[in-house]
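>>> Sequence and predicted structure, then a few things I'm wondering about:
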Protein chains: 2
Amino acid sequence: MNTLEMMSELGRSARTSSSVLARASTALKNGVLAALLRQLKAEQAMILEANQRDVALAQTAHLPEALTDRLTLTSARFEAMLDGLQQVIDLPDPIGSITGMTYRPSGIQVGQMRVPLGVIGMIYESRPNVTIEAASLCIKSGNACILRGGSEAMQTNQALALPIRQALLSSGLPAECLHIVPTTDRDAVGHMVSMPEYIDVIIPRGGKGLIERISKEARVPVIKHLDGICHVYIHHQANLDMALNIAMNAKTHRYGVCNAMETLLVDAAIAAQALNLIIAAMHDKGVELRGCSRTHALFPESTSLAGHEDWSTEYLAPILSIKIVDGIDEAIHHIATYGSHHTDAIVTDDLPSAQRFLREVDSSSVMVNASTRFADGFEYGLGAEIGISTDKFHARGPVGLEGLTSLKWIVIGQGNVRGG
Amino acid sequence: MNTLEMMSELGRSARTSSSVLARASTALKNGVLAALLRQLKAEQAMILEANQRDVALAQTAHLPEALTDRLTLTSARFEAMLDGLQQVIDLPDPIGSITGMTYRPSGIQVGQMRVPLGVIGMIYESRPNVTIEAASLCIKSGNACILRGGSEAMQTNQALALPIRQALLSSGLPAECLHIVPTTDRDAVGHMVSMPEYIDVIIPRGGKGLIERISKEARVPVIKHLDGICHVYIHHQANLDMALNIAMNAKTHRYGVCNAMETLLVDAAIAAQALNLIIAAMHDKGVELRGCSRTHALFPESTSLAGHEDWSTEYLAPILSIKIVDGIDEAIHHIATYGSHHTDAIVTDDLPSAQRFLREVDSSSVMVNASTRFADGFEYGLGAEIGISTDKFHARGPVGLEGLTSLKWIVIGQGNVRGG
């Protein structure tokens, strides 16, 4: 059986099994997840051993250290994985909830019921804990799924497949509800994203290269996350202490995350005063500063001159670009031109400016007087985060369990007929 | 300029203009639509003349009569088009509404704001009134749009483009917010569905051939409507008078519509009694009946024997297939096997059976004791219907203005920082 045949067979059986999972009760789905929790605990030694083989291979192959680190499943990370699984068990079941039931003039009652999407395809890189996270979110939301982890995590993921299989079978569900693609052949990804008949949505998680490749090839809808070029804009009516706190948090709380600030915009009227504080504090943290010509003229020692490409670069590093703007119009225009529609914040005490910024900035998260670092499913109260979508179709911004669902219409009558 | 260059230019200018429309106030958008209403009235003679030229060409070319009929813009249809436009003006503006604002433990307030998708591509066939319907819905929802009507309606659509252009310009908006593709070159459609950088969603309206072609080629998300193979299932605890009424309405109220019943499923326990009534009434209406072997054995005179392909055929005609089933399991299984996930109804007085049917039937509309004919945006109270989606991603079933929107996250703080 070649890779295409294998992927088609996986797709077909996931599609068939998905209807069983779609109608499973909350108790049954939680039962599967509780069984998975028990099985993972029982099989911990076997799983960690498999992981050690993956890590050893990665080291032999001289894979980048950061990748090998993400690949490694320590006891602490294993515990965190189990905690995450328990959290998913504790989440409310989104499936079957009915909203908006209203009577229509015809006499029918109309509302919407939340239902699973069907089959989810998840494509991710080295972190093997994503396997359990994805599996638990799909089962909880009544979706079958096909998981394609990184090739370097192959043995770990195959080891994790066993407890998942046992948990499904022991609950009386078909094991085909959840597939872990058993090959490292890169063609498998190409086939997955080209099977709209078997897969309803693809969720890639990983580096930009992976996401771009998948977006380009996909014939199945994709919930994707591209760049996070986030801005903080300090309006001239900002509280400067607040502005300093927010700017520092947005840039320096963590550098390698998508919701970190990459460009600071400052109104000219308060630029000297605000930047005096912020540039000194950034300096103390060792952040490299690249300013527009006006910034560089004001602070020639502590900033270098930013190049045009700086405004559209996601540094993911202790580097910050700074631009002085002449008011909110220029700030909004700059964000529209160079931003990535991820997360942008204004610091201001002026209500009309806050209102304009909220309405006009076209980003998945728009903030007033808060750090961009809050753009996160857990911070937003979604319970679990499947990813952050930079698209607008279906789901935008942090995506929780609801992103794996759809709404169908339900109609209740007492024998009503149309035109009757 | 070739077709590809022209479509790219249209896309680019629509994308640029979309941000202006996205931040337009409700008053401004309603003002554009009111101006359009006035312009259409003023230009009625010119538009009807252009339409007569299209109709004359269609007749000369011996296009099918049904197509020429759909193409024809009579005074009455023109009035109905204006009424529809007024209805869109009267609809509430979905854009900017904020829902779910809650305080999180971190102190931030989080909620969601409804925003436009951006640029809508609409591809449709002969009916020129769709041009004004689509234009008004896109403007109301703050989306720029590119409309590609049928080549046989070219002169009518170009005539309609003038008042739209005047309405936008007189309100101070760029005319590029709304393009009507000025070519009959079929390649234009292929280019439209391949420009994710300029178009956020494609909505095709027309025959199955068009929709299938677009789904196959599209690199942009599509809100599409394929088959409507709708079922009515008469459970053994049904009120038989109600069952008769619903079955007759679902089949004979209109034949050529997607929410008409194509297959009747009847529980064996009450089949003879129920079908006695229904078959006689269908006969009176001239409906051709094709039964399963059990139905045909019971009614050999009034039914022919259905072939396997009947169960998956959307007749759109006075033809009905009938199958006797052994209870709700077989009914749900039949619908899952042969249905098109459009609209399916159960007639029953038994609550657990109604609950199971609602939950387990995976269709965009699932009904209890009501005619499938109710599956319609206006009947559901959406105010206007952009189409009926048979997909699950983004929108399912009748799609109103909300289908042209997305939700962005908004965060309001008082200087909050993460981990602080």
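Structure's in. What do you need?
>>> buried sites along the longest strand that chain A contains?
If each strand of chain A is counted by residues according to DSSP state E, the longest one is strand A:405-416. Across strand A:405-416, burial judged by 16 or more other CB atoms under 10 Å in any protein chain shown covers A:405-413, A:415-416. Backbone N, C-alpha and C define where each C-beta goes, glycine included.
>>> and of those residues, the nearest to A:Phe299?
Of all those, the one with the least separation from A:Phe299 (CB to CB) is A:Thr405, at 50.1 Å.
>>> can you tell me which residues contact the closest one?
If a contact means CB atoms under 8 Å, 6 or more residues apart in numbering or on different chains, then A:Thr405 has A:94-95, A:114-117, A:141 as its contacts.
>>> List, out of those residues, those positioned next to chain B.
With respect to chain B, and counting by CB under 8 Å from any CB of the partner chain, the subset of the contacts of A:Thr405 in contact is A:115, A:117.
>>> Which of the contacts of A:Thr405 fall within strands?
The subset of the contacts of A:Thr405 located in strands under the criterion DSSP E comprises A:114-116.
>>> can you map out the strands along the stretch 251-400 of chain A?
For the stretch 251-400 of chain A, the strands identified by DSSP state E, counting those that start in this stretch occupy A:261-267, A:288-291, A:304-305, A:319-325, A:343-347, A:365-370, A:387-389, A:397-399, in order along the chain.
>>> how far away is A:Ser141 from A:Ile95?
Using CB to CB, to the nearest Å, A:Ser141 is found at 6 Å from A:Ile95.
>>> Looking at those two, which is more packed in?
Here A:Ser141 and A:Ile95 are compared on neighbour count by other CB atoms under 10 Å in any protein chain shown; more neighbours surround A:Ser141, at 29 against 24.
>>> for the residue lying closest to the more buried one once chain neighbours are set aside, what are its contacts?
When the adjacent residues along the chain are set aside, A:Ser141 lies closest to A:Leu404, with 4.2 Å between them (CB to CB, 6 or more residues apart in numbering or on different chains). Under the criterion of CB under 8 Å, 6+ apart, the neighbours of A:Leu404 are A:116-117, A:120, A:137-138, A:141, A:143, A:201, A:386.
>>> Out of those, flag the one nearest to chain B.
Set against chain B, the nearest of the contacts of A:Leu404 by CB to the nearest CB is A:Leu117 (5.3 Å).
>>> you'd agree that closest one is up against A:Asn143?
Yes - between A:Leu117 and A:Asn143 there is a contact under CB atoms under 8 Å: 5.8 Å.
>>> shared neighbours of the two, anything?
Going by CB under 8 Å, 6+ apart, residues that sit against A:Leu117 and also against A:Asn143 are A:200, A:404.
>>> Just list whatever residues bridge to A:Val110.
Beta-bridge pairing for A:Val110 (DSSP bridges): A:Thr102, A:Val411.
>>> Let's see the pLDDT reported for it.
Note for A:Val110: predicted pLDDT of 97.
>>> what residues does the stretch 1-150 of chain A put near chain B?
Close to chain B, as judged by CB under 8 Å from any CB, the stretch 1-150 of chain A has residues A:19, A:22-23, A:96, A:102, A:104, A:106, A:108, A:110, A:113, A:115, A:117-118.
>>> Could you save the ones in strands among the contacts of A:Thr405 as CSV and add columns showing neighbour count and pLDDT?
Formatted as CSV, the entries for the ones in strands among the contacts of A:Thr405 read as follows, by neighbours: other CB atoms under 10 Å in any protein chain shown; pLDDT from 0 to 100:
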residue, neighbour count, pLDDT
A:Arg114, 19, 97
A:Val115, 26, 97
A:Pro116, 27, 97
